[in-house]
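**Student:** task: produce atomic coordinates for the following.
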Amino acid sequence: MAHMFSWAGRFGLRQYVKSSLWIVPVLGLVLGVLLAELALASDEAGRLPSGWHYSASTASGVLTSIVGAMVALLGFVVTIGVLVVQQATGTLSPRYMRLWYRNRLQKAVLATFMGTLSFSFSLLRSIESDSVPDLGVTLAGVSVAVSLVLLLVYLNRFTHKLRPVAIAELVGGVGAAVFRSGEAEIRAVTAHGPEAVPSGAPVTRVRAVRGGAVQAYDVPGLVAEAERHDCVFVLPRLVGDFVMPGAALVEVHKGRAEGASEPDSRRIAGRIALGAERTVDQDPAFALRVLVDIAIRALSPAVNDPTTAVQVLNHIGSFLHAVGTTRLPGRYVLADGHGVARLVLPGRDWDGYLQLAVCEIMDYGRSSVQICRRLRALLEDLLDTLPPEQHPSVKAQLVLLEKSVEREFTDPDRRAVAQQADLQGIGGRPLS
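**Tutor:** Alright, predicted model coming up:
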């Protein structure tokens, strides 16, 4: 129970609510019942226009039809959801489902259908030969119209947004936004360089009670805990790393004050969220992981669609540009309000992001002329647009790409074609 009230417990609850497909629809169901009661009370209290009056048989028939239609539409939307899951796991990436479950439009559609269903059914129970909920029947008709409009918007959205390139644009945008916001938040409290990292062995280690992937850190909370006990916390794990049970989560180093109280291991562990899998909230590299998964799935012999991989590389390039224009020290030393170092936080460096983005695509797409040409164009674009300190890693990947092309294409003419940089893979103007 104590875990549920910790920061990690609240973070896990927020993750569950964001990913849940039943909470918002159930709220719509309850709201429909409440609105039905309100409509019945309004019917008794006020006068309605003459065109809003219905006979008992007409009202019963209309509401019965609406209840049946809402049940059928709910089944239709659930079927679409099942098809999305099948497509995502078969041709895209199962990891994309974490973002798809958060789609607000789908939850709004389900909530509207459930609310219209409960609203109509509650009114249906109140119909008598001498008492008809006239206002409620009219509002039920309006709710059906709203439901149909939302259904059309929903169909339009998902028929267009389920294409791999649309998903790549969405995932890349989410990853870049998380990266920029996370960097800004961390840099706002970074007051020291790597030289401020404490030396020597830690006085104690906070260990994980259960295993799981690191989903998020409560950075302000950890800084406050370290300040309270005058110590320095060193986090050895990146967000996204999987932690085994009993592994070290936090290394605690002594501060300068004598007689400072010992920090509570449970309170510290409660500020680190562990889960079954990674989430994008504090882990922009997870978005890049999803993009790479989509690309290499398209390059598999079962799919054999290098053009989709080329389209995904377009958005990987945009993501890499956002990362490469930011200085990434690889480790952050965060300070409290007095400028005293309190938290050492690991971070990914530019080389790590670049390797994640191109290594596997280069490996699985080494026999595709499209992929070789597009990868070369991407890397040359990065050399042209990024600051000089990022160039060595990019040049190293270009060397690997060159060696891969030489091994794969033994024919000199084919090799010459594969070595050209082309923003479209094949069909664009080769870059000079």
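
**Student:** could you pull up the residues touching His53?
**Tutor:** Contacts for His53 (C-beta atoms under 8 Å, 6 or more residues apart in numbering) come out as 132, 134. Using the backbone N, CA and C atoms, a C-beta is placed for each residue, glycine as well.

**Student:** that one and Ala36, how far apart?
**Tutor:** Per C-beta to C-beta, to the nearest Å, His53 is found 18 Å from Ala36.

**Student:** now Leu345
**Tutor:** From Leu345 to Ala36 the distance is 52 Å (C-beta to C-beta).

**Student:** between these two, which one's more packed in?
**Tutor:** Ala36 (24 against 19; other C-beta atoms under 10 Å).

**Student:** how about that one, what does it touch?
**Tutor:** Applying C-beta under 8 Å, 6+ apart, the residues contacting Ala36 are 118-119, 122-123, 126, 133, 136.

**Student:** out of these, which are inside helices?
**Tutor:** 118-119, 122-123, 136 (DSSP state H).

**Student:** run through the stretch 101-250 of the chain and note the low-pLDDT ranges.
**Tutor:** 187-197, 199 (pLDDT under 70).

**Student:** related to what we said a few turns ago, which of the ones in helices among the contacts of Ala36 are buried?
**Tutor:** 118-119, 122-123, 136 (16 or more other C-beta atoms under 10 Å).

**Student:** pick out whichever of these sits closest to Glu183.
**Tutor:** Nearest to Glu183 out of these is Ser118 (C-beta to C-beta; 45.4 Å).

**Student:** assess the claim that the closest one and Leu29 are in contact.
**Tutor:** Yes. With contacts counted by C-beta atoms under 8 Å, Ser118 reaches Leu29, the gap being 4.7 Å.

**Student:** for the helix ranked longest in the chain, packing partners?
**Tutor:** Using DSSP H to define each element, the chain has its longest helix at helix 56-91. Judged by 3 or more C-beta pairs under 8 Å, 6 or more residues apart in numbering; DSSP states H and E, helix 56-91 is in contact with helix 97-100, helix 104-125, helix 134-161.

**Student:** wait, which of these is closest to Leu274?
**Tutor:** Using C-beta to C-beta, those put helix 97-100 closest to Leu274, at 15.6 Å.

**Student:** got the CA coordinates for the closest one in CSV?
**Tutor:** Output in CSV follows, covering the C-alpha atoms of helix 97-100 (Å, rounded to 0.1, in the frame of the first residue of the first chain):
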residue,chain,number,x,y,z
MET,A,97,1.1,0.0,-29.2
ARG,A,98,2.1,2.0,-26.0
LEU,A,99,1.5,5.2,-27.9
TRP,A,100,-1.6,4.0,-29.8
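
**Student:** who touches it?
**Tutor:** 19, 84-85, 88-89, 170-171, 174, 277, 279-280, 290.

**Student:** okay, which residue of this structure is out on the far edge from center?
**Tutor:** Asp130 (54.2 Å; C-alpha atoms, centre = their mean).

**Student:** next, that residue: phi, psi?
**Tutor:** phi -110, psi 10 (degrees, to the nearest 10).

**Student:** please name the nearest non-neighbouring residue to it.
**Tutor:** Using C-beta to C-beta, 6 or more residues apart in numbering and skipping the chain neighbours, the partner closest in space to Asp130 is Ala56 (8.0 Å).

**Student:** pretty sure Leu40 contacts Pro133?
**Tutor:** Yes. Here Leu40 reaches Pro133: they are 5.5 Å apart, a contact under C-beta under 8 Å.

**Student:** what about those two, which has more around it?
**Tutor:** More crowded of Leu40 and Pro133, by other C-beta under 10 Å: Pro133, with 25 against 17.

**Student:** from Gly28, how far off is the closest residue to the more buried one other than its chain neighbours?
**Tutor:** Once flanking residues are discounted, Pro133 sits nearest to Leu123: 4.8 Å by C-beta to C-beta, 6+ apart. Using C-beta to C-beta, we find Leu123 at a distance of 16 Å from Gly28.

**Student:** cool, and Ala309?
**Tutor:** According to C-beta to C-beta, Ala309 and Gly28 sit 40 Å apart.

**Student:** so between those two, which is more surrounded?
**Tutor:** Ala309 (28 against 22).

**Student:** buried residues, the helix or strand containing that one. List them.
**Tutor:** Assigned by DSSP states H and E, Ala309 belongs to helix 306-324. Going by neighbour count (16+ other C-beta under 10 Å), the buried part of helix 306-324 is 306-317, 319-320, 322-324.

**Student:** the inter-axis angle of the helix or strand hosting Val405 versus helix 306-324?
**Tutor:** For Val405, the element it lies in under DSSP H and E is helix 391-408. Relative orientation of helix 391-408 and helix 306-324, computed by axes from the mean of the first three to the mean of the last three C-alpha atoms, to 10 degrees: 160 degrees.

**Student:** ok, then the element right after helix 391-408?
**Tutor:** Helix 391-408 is succeeded, C-terminally, by helix 412-418 (DSSP H and E).

**Student:** show me the contact partners of that next one.
**Tutor:** 369, 372-373, 405-406, 408-409.

**Student:** out of these, which one sits closest to Leu222?
**Tutor:** For these, the nearest to Leu222 is Cys372 (44.9 Å; C-beta to C-beta).
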